[in-house]
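# predicted coordinates and the sequence they were generated for:
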Amino acid sequence: MLPLVLVVSVLALLVAVLLARHVIGMDNGTPEMRVISDAIQEGAEAFLKRQYRTIGTLSVFVGAIIFVIYAFVRAPSPNDPTEVSRTWLALSTTASFFFGAACSAVAGYVGMFVSIRSNIRAASAARTSLNRALQAALRGGAVSGLFVVAMSLLGVGGLYAILEAFTAIPVQKIPLLIVGYGFGASFVALFAQLGGGIYTKAADVGADLVGKVEAGIPEDDPRNPAVIADLVGDNVGDCAGRGADLFESTAAENIGAMILGSTLALRVQAASPGVAFSIVGVMLFPLVVRAFGLIASIVGIMVVKAREDEDPMHALNRGYWTAATLAAIGFVGGTYWLLQFPGHPDAWWHFALAGVIGIATSIAFVYITQYYTEYRYRPVRTIASASVTGPATNIIAGFAVALECTALPTFTISAAIIASYWLGKTAIEGGGLFGTAVATMGMLGTAAYILAMDTFGPITDNAGGIIEMSKQPEAIRVKTDRLDAVGNTTKALTKGYAIGSAALAAFLLFSAFMDEVGYYTGKTFDTVNIAKPEIFVGGLLGAMLVFWFSALAIDAVQKAAVNVIKEVRRQFAEDPGILKGTSRPNYGRAVDIVTIGALKAMVAPGLLAVGMPIAVGVTFRLLGLGAETVAAFLMVGTIGGILVATMLNNGGGAWDNAKKYIETGEYGGKGSFAHKAGVVGDTVGDPFKDTAGPSLHVLIKLLSTVTLVLAPLFI
């Protein structure tokens, strides 16, 4: 089983390399196009280098704290592995943290490295064929998707293989020793998403408010000093940031599901002594079905092809349905192979159905997000019509839509959790939580394809900007506009998918935390009594953290955007030739301003997210209720985070597409009073959908992974 997982992971990385070589080998356009592309590459790589240097410094500090806690602070547990020393246990946990952080950084960097080279290839391909441009953008995005999922799988599987081969630790205890890997991935993901999100929206807000509203120039106009920073932001936010987000989802979910699988397998073995049964098979089931999902995603990516007169979204949907169907087939096969429990011949198909529920949930989230963020439907058109009377009514209508859009996703998640729990419970005694874990695996089965669609968005956005700034013929811009419109949709859809998977993964990780506490204490831990004042306060603090964290993220965008706005106004005032088109703006100055602002601003909300659960657990441990209070903190924080992230993501997406709907000619079209109101609404929604909302996905899972790693500290 494990060799299969490792082989598929390596093959997926090989496919990603071949796709990267194929895309980079395509024509890279005219000299004018290359000047713009080179500036985007330079800005994106400079930001990522400085960002990872900052994250690396913070990681060393956190890794040292983990070592000290495991080596000197935490009390030994009777269930600690006796095969290794306390120091070795501290070293292995710390090493897995650093390894998870490094894998996350590599996956994010490689994905962005290819995306900032795919944009000009897609732009150049659009000069001859819409289909070639579509494939260049999707396959460039697929490098990120495949690298993220394969590196996650290879990391968890590789750590398991090393510990199994070189230590005498019982296999059922190994998942508890590699929880640091999930925490490392979460830690990097939080700062990557925060920093990238602050950068992209500060640049976007600055470019839009001064360029479109004040100066009246079009989007991606080369006269705008902030336009290169805006195009750089698409890559560092949507490529590197989202890649780190989904890397962390798959890594943390793999480890959490392995912990729950180990607990269930031991319970079954105890109930059926002497019966041949593979504990390892149940534990490695999450990795095996993730490998099947990788294969399904590769096939889905390769079948995408569009006619020149076809809506590109139809081609992407065909690829998605292909990947989802193959993932479902692989899931059923995996459950039949590995989830055969003694005395429970029907258990496998119960778990197979739970996995199918997870896949169906991911599809439902895609369409729910589409309903709330596409201008074909009522919510976005309501905001557009409210723009006729000005920015205030636009914002009121948009915020109402943002609040409304939490209902359908909540119903969907609730149905998925209850149905999968019931299927697991009826499959085998005590299998309810593992049923929800299987549903989460199903939802993340097509993660590689979903991330390819997400990265497709910034690649096509950049391609349109390159065509506009290099003054290519209008017919080519029409093609890139079609791809850009689809890219905006795919970015919105993947945010919906990311929060849905985060919700299921957080429930899974919360259950794994309770299992881990029970394992270390030797007592069943299955009740969190919210009626106790201390426990209630823990839950209240969890909910508050979501709002405080969001406030810091949004305020960081505002502060950085103000500096960009001042810089753009200064350049326009000091050199009138810029707006006349006779002088070249200083693009690098705006890039530097946003880079410095984003890196400074990401530290405070990041440290708050890491430090708050630790502070709550340690403080309430003094009252003898550390683990239970942290459980309440996790539970309520997760619920609040899911709802607020959904509101921010879909609300921001609806504001964005209301503006685009007006730009199609409705309510006076570009330059009209309604359009200016739409730009203001879109600007308000920008930090919602691209900074605070996506960062909350990571926060939800980070709370779980940090408590999984430090659970012994709270007991």
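That came through, no problem. Numbering: from 1, shown residues only.
# which element is the residue positioned nearest the centre of the chain on?
Geometric centre of the chain, nearest residue: Asp245, 3.0 Å, by CA atoms, centre = their mean. In the assignment (DSSP states H and E), Asp245 maps to helix 242-271.
# how far out from the middle of the chain is that helix?
18 Å (CA atoms, centre = their mean, to the nearest Å).
# ok, the residue nearest to the centre of the chain - contacts?
Ala189, Ala192, Gln193, Ala498, Pro694, His697, Val698 (CB atoms under 8 Å, 6 or more residues apart in numbering). All C-beta atoms are positioned from the backbone trio N, CA, C, and that covers glycine.
# elements contacting the helix or strand hosting the last one?
Using DSSP H and E, Val698 falls within helix 693-714. When contacts are defined as 3 or more CB pairs under 8 Å, 6 or more residues apart in numbering; DSSP states H and E, helix 693-714 packs onto helix 179-207, helix 242-271, helix 474-521, helix 533-574, helix 603-621, helix 626-663.
# find the nearest non-adjacent residue to Gly652, please.
Lys689 (2.6 Å; CB to CB, 6 or more residues apart in numbering).
# quick one on the thing from earlier: for Gly197, see how far away the residue nearest to the centre of the chain is.
10 Å (CB to CB, to the nearest Å).
# between those two, which contacts overlap?
Counting by CB under 8 Å, 6+ apart, the residues touching both Asp245 and Gly197 are Pro694.
# circling back: and the contacts of Asp245, which is closest to Thr480?
Pro694 (24.8 Å; CB to CB).
# contacting residues around the closest one?
Taking CB under 8 Å, 6+ apart, one finds Gln193, Gly197, Gly241, Arg242, Asp245, Lys495, Ala498, Ala645, Asn649 in contact with Pro694.
# could the residues you listed go into JSON lines alongside distance to Ala354 and pLDDT?
JSON lines is the format used below for those (distance: CB to CB, whole Å; pLDDT from 0 to 100):
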{"residue": "Gln193", "distance to Ala354": "29", "pLDDT": "85"}
{"residue": "Gly197", "distance to Ala354": "33", "pLDDT": "86"}
{"residue": "Gly241", "distance to Ala354": "30", "pLDDT": "74"}
{"residue": "Arg242", "distance to Ala354": "27", "pLDDT": "74"}
{"residue": "Asp245", "distance to Ala354": "24", "pLDDT": "76"}
{"residue": "Lys495", "distance to Ala354": "25", "pLDDT": "79"}
{"residue": "Ala498", "distance to Ala354": "21", "pLDDT": "79"}
{"residue": "Ala645", "distance to Ala354": "24", "pLDDT": "93"}
{"residue": "Asn649", "distance to Ala354": "26", "pLDDT": "90"}
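# now tabulate those in TSV and tack on distance to Ala397.
Listed next are these as TSV, based on distance: CB to CB, whole Å:
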residue	distance to Ala397
Gln193	28
Gly197	25
Gly241	29
Arg242	28
Asp245	29
Lys495	21
Ala498	25
Ala645	21
Asn649	17
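# would you mind measuring from the nearest residue to Leu625 once chain neighbours are set aside to Gly624?
Closest residue to Leu625 apart from its sequence neighbours, by CB to CB, 6+ apart: Glu534 at 5.0 Å. According to CB to CB, Glu534 stands 9 Å off from Gly624.
# swap in Pro687?
Taken as CB to CB, the span from Pro687 to Gly624 is 41 Å.
# so which of these two has more stuff around it?
Remark: of Pro687 and Gly624, Pro687 carries more neighbours, 28 against 10, as counted by other CB atoms under 10 Å.
# quick check: that one is in a strand.
No - secondary structure of Pro687 (DSSP: H, G, I helix; E, B strand; the rest coil): helix, not part of a strand.
# that one: what's it in contact with?
Gly197, Lys201, Val205, Ala553, Ile554, Val557, Gln558, Gly652.
# also Ser501?
Leu246, Ser249, Glu253, Ser362, Thr440, Met443, Leu444, Ala447.
# right, and the last one touches Leu246 too?
In other words, Ala447. Yes - between Ala447 and Leu246 there is a contact at 5.5 Å, judged by CB atoms under 8 Å.
# mutual contacts of the two, please.
Jointly contacting Ala447 and Leu246 under the rule CB under 8 Å, 6+ apart are Val148, Val149, Ser501.
# right, and the helix or strand after the helix holding Asp245?
For helix 242-271, the succeeding helix or strand toward the C-terminus, using DSSP H and E, is helix 279-302.
# and that next one, how far out from the chain's middle?
The chain centroid and the centroid of helix 279-302 are separated by 19 Å under CA atoms, centre = their mean.
# list the buried residues for it?
Residues of helix 279-302 classed as buried by neighbour count (16 or more other CB atoms under 10 Å): 279-298, 300-302.
# measure Thr582 to Asp575 for me?
Taking CB to CB, one finds Thr582 at 9 Å from Asp575.
# and the two? which has more neighbours close in?
Set Thr582 next to Asp575 and count neighbours by other CB under 10 Å: Asp575 wins out with 16 against 10.
# show me where this structure dips below the pLDDT cut-off.
Along the chain, the model assigns pLDDT under 70 to residues 77-83, 273-278.
# just checking, Pro379 touches Leu403?
No - with contact defined as CB under 8 Å, Pro379 does not count as touching Leu403 (11.2 Å).
# quick one, which of these two is more surrounded?
The residue with more neighbours, out of Pro379 and Leu403, is Pro379; 25 against 14, by other CB under 10 Å.
# check which helix or strand that one maps to.
Going by DSSP H and E, Pro379 is part of helix 378-386.
# tilt between the helix or strand that comes right after that helix and helix 626-663?
Moving toward the C-terminus from helix 378-386, the next helix or strand (DSSP H and E) is helix 391-404. Orientation note: helix 391-404 sits at an angle of 130 degrees relative to helix 626-663 (axes from the mean of the first three to the mean of the last three CA atoms, to 10 degrees).
# for helix 391-404, name the packing helices and strands.
Counting contacts by 3+ CB pairs under 8 Å, 6+ apart, helix 391-404 is packed against helix 378-386, helix 626-663, helix 673-687.
# before we move on, the earlier item: what angle do helix 242-271 and the helix holding Val698 make with each other?
Using the same axes, to 10 degrees: helix 693-714 against helix 242-271 is 40 degrees.
# circling back to that earlier point, any idea how far the helix holding Pro379 is from the middle of the chain?
28 Å.
# what residues of that helix count as buried?
Buried, per 16+ other CB under 10 Å, within helix 378-386: Pro379, Val380, Arg381, Thr382, Ile383, Ala384, Ser385, Ala386.
# hmm, Asp454 is touching Ala492, no?
No - at 9.7 Å, Asp454 and Ala492 do not qualify as touching, with contact defined as CB under 8 Å.
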